[in-house]
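Undergrad: starting from these lines, generate the structure:
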Amino acid sequence: MKKLVSMNSQGIPIASAATTASRRVRYLSQNRPGARMGIGHYERLLLEHLLPVAGEEWEFEITFDGRRANPPISPGDIADGIREAATLGFSARRAYRLPWWLARGLVGAFAGRRPSLYHSLALSFPAPAGAPAIYTIHDLPPARFDDEGAFPAWAKKAVAAAQYIHVPSQFAADELRELLGIPESKLRVIRYGCECEVFHPGVPPASVEQLRRIGIGGPFLVYVGGFTRRKNVAAMLQAWKAVAARFSEITLLLVGPGSQLQRLVSESGAPRAVVAGYLGRDVLPNVVKASEALVFPSIYEGFGLPPLEAMAMGVPAIGVNASAVREVVAGAGLLAEDGSADALEHAMTNLLDDSALRAKLREAGPKRAADFDWGRHAGGMLQLYAAAAR
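TA: So this is what the prediction gives:
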């Protein structure tokens, strides 16, 4: 019998009450509740936007990687709509070198009751046998950078066994096709959204007192991100040394893992480079809004949320003409020709020198960000669940 489907106000399918039985999705996550960046940030946004619109057709459970939590993680700690939360009891990374059948069997023995569908939120967390599986794979840094860890020995077998592979960009799809041999028929590009209720032009800039507490006393550029080689922080700092010599009133603020970023700053000898460490979501938008521009020098990204979030607030974003960042930024930001220090220096200097360019990007950014909607992302994922679980 054909399912009855209604739509919510955002045009997202909601299962009809006429559906006779719920289908259960079990998420496999390597990011426990708490402060999150990167993949963990995506997981939080996925659950926040998908669960409220899923309707009665679906139930949701989650299994976290790692040792048992004490006290146990409560479903309420994660998101409204999670029915059950479990912990694997060991690190899935311990299964990296096991045969595929043993790796997925080991996870299956401890991941909790078998669902209608597994959604693994990382290639490194193998979906057990016995139910269809979807993997979300943001990108493949270990294949390109030797400081990004290693692939599981069974990576190609995992994606071959899955019904679908979700990726956030065409760049990510191309990477997976080349490096893992995934056929086009399995790949689904469903772009991430922008938290436009958090990042929007009306966000007030951080106050003088708020900025003073993190070491900022005047105009500044801001970087938000990690520290590994692909993030290209060292090249940004070399570029900044030249930019700082010319624009003596401006500071560079780095937001992210404090000790690692501070080590890079110290090694570079860059002046007026302030490391704030992690900033909570209650203050990060205001700090970025107060900046002259966001600098995002990464040369390898499956998407690129920091420049999108800056653009949504009307803050000019500088990125690199590489990976998925060029898909996200498009013509609404300033793209350095490549990730070299010279190219980044040229982009930063160009932006700081050109008030008309800054005004143009402030206007273009929010319009571009409006194309990225978490509601559409949630709808696309629900359609993918339905296709995989039938």
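Undergrad: pLDDT of the strand or helix carrying Ile134, averaged?
TA: Using DSSP states H and E, the element containing Ile134 is strand 133-136. Averaging pLDDT along strand 133-136 yields 98.
Undergrad: ok, now stretch 339-355?
TA: 98.
Undergrad: with just CA atoms, put the helix or strand containing Leu357 into CSV.
TA: Following DSSP H and E, one finds Leu357 within helix 355-369. Only the C-alpha atoms of helix 355-369 are listed here, as CSV (Å, rounded to 0.1, in the frame of the first residue of the first chain):
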residue,chain,number,x,y,z
SER,A,355,36.4,49.2,1.5
ALA,A,356,34.2,48.8,-1.5
LEU,A,357,35.1,45.0,-1.7
ARG,A,358,34.3,44.6,2.0
ALA,A,359,30.9,46.3,1.5
LYS,A,360,30.2,44.1,-1.5
LEU,A,361,31.0,40.9,0.4
ARG,A,362,28.9,42.0,3.5
GLU,A,363,25.9,42.3,1.2
ALA,A,364,26.6,39.1,-0.8
GLY,A,365,27.3,36.8,2.2
PRO,A,366,23.8,36.6,3.7
LYS,A,367,22.2,36.0,0.3
ARG,A,368,24.5,33.1,-0.4
ALA,A,369,24.1,31.6,3.1
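Undergrad: how about the helices in the stretch 151-300 of the chain?
TA: Under the criterion DSSP state H, counting those that start in this stretch, the stretch 151-300 of the chain contains helices at 155-161, 170-180, 208-213, 233-246, 258-268, 284-290.
Undergrad: which one of those helices lies closest to Asp147?
TA: Closest of the helices of the stretch 151-300 of the chain to Asp147 is helix 258-268, at 11.2 Å (criterion: C-beta to C-beta). Bear in mind the C-beta positions are built from the backbone N, C-alpha and C, glycine included.
Undergrad: and the closest one, what does it pack against?
TA: helix 233-246, strand 273-277 (3 or more C-beta pairs under 8 Å, 6 or more residues apart in numbering; DSSP states H and E).
Undergrad: can you list the ones you listed in CSV and add distance to Leu179?
TA: Below are the helices and strands packed on helix 258-268 laid out as CSV (distance: least, C-beta to C-beta, whole Å):
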stretch, distance to Leu179
helix 233-246, 24
strand 273-277, 33
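Undergrad: now render these as JSON lines, adding mean neighbour count, distance to Glu56 and mean pLDDT.
TA: Below are the helices and strands packed on helix 258-268 laid out as JSON lines (neighbours: other C-beta atoms under 10 Å; distance: least, C-beta to C-beta, whole Å; pLDDT from 0 to 100):
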{"stretch": "helix 233-246", "mean neighbour count": "21", "distance to Glu56": "47", "mean pLDDT": "98"}
{"stretch": "strand 273-277", "mean neighbour count": "19", "distance to Glu56": "43", "mean pLDDT": "97"}
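Undergrad: low-scoring pLDDT stretches of the stretch 251-390 of the chain, where are they?
TA: For the stretch 251-390 of the chain, applying pLDDT under 70 flags no range at all.
Undergrad: of all the helices of the stretch 151-300 of the chain, which lies closest to Gly40?
TA: helix 284-290 (14.8 Å).
Undergrad: leaving out sequence neighbours, find the closest residue to Glu175.
TA: Leu140 (5.3 Å; C-beta to C-beta, 6 or more residues apart in numbering).
Undergrad: from Gln238, how far out is the one you found?
TA: Using C-beta to C-beta, to the nearest Å, Leu140 is found at 27 Å from Gln238.
Undergrad: run a quick neighbour tally on the nearest residue to Tyr300 once chain neighbours are set aside.
TA: Nearest non-adjacent residue to Tyr300, counting by C-beta to C-beta, 6+ apart: Arg230, 4.0 Å away. Using other C-beta atoms under 10 Å, Arg230 has 21 neighbouring residues.
Undergrad: wait, isn't Ile182 in contact with Val159?
TA: Yes - Ile182 is within contact range of Val159, at 5.3 Å (criterion: C-beta atoms under 8 Å).
Undergrad: common neighbours of the two, please.
TA: In terms of C-beta atoms under 8 Å, 6 or more residues apart in numbering, Ile182 and Val159 are both contacted by the residues Ile165, Leu176.
Undergrad: how far does the strand holding Ile134 sit from its chain's centre?
TA: Distance of strand 133-136 from its chain centroid, counting by C-alpha atoms, centre = their mean, to the nearest Å, is 16 Å.
Undergrad: pairing partners for it, with directions?
TA: strand 117-120 (parallel), strand 164-167 (parallel) (DSSP bridges).
Undergrad: most tightly surrounded among those strands?
TA: With neighbours defined as mean count of other C-beta atoms under 10 Å, the strands paired with strand 133-136 peak in mean count at strand 117-120, which reaches a mean of 26.
Undergrad: contacts for that one?
TA: Contacting residues not belonging to strand 117-120 are listed as 23-28, 126-128, 131-136, 385, 388-389 [C-beta under 8 Å, 6+ apart].
Undergrad: so how far is that strand from its chain's centroid?
TA: On the basis of C-alpha atoms, centre = their mean, strand 117-120 sits 18 Å off its chain's mean C-alpha point.
Undergrad: can you show me the CA trace of that strand as PDB?
TA: The C-alpha trace of strand 117-120 is given here as PDB (Å, rounded to 0.1, in the frame of the first residue of the first chain):
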ATOM      1  CA  LEU A 117      18.500   1.200   9.600                       C
ATOM      2  CA  TYR A 118      22.000   2.100  10.800                       C
ATOM      3  CA  HIS A 119      23.300   5.600  10.100                       C
ATOM      4  CA  SER A 120      27.000   5.600  10.800                       C
END
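Undergrad: for the record, mean pLDDT for it?
TA: On average, strand 117-120 scores 98.
Undergrad: contact partners for Asn232?
TA: By C-beta under 8 Å, 6+ apart, the contact list for Asn232 reads Pro297, Ser298, Ile299, Val320, Gly339.
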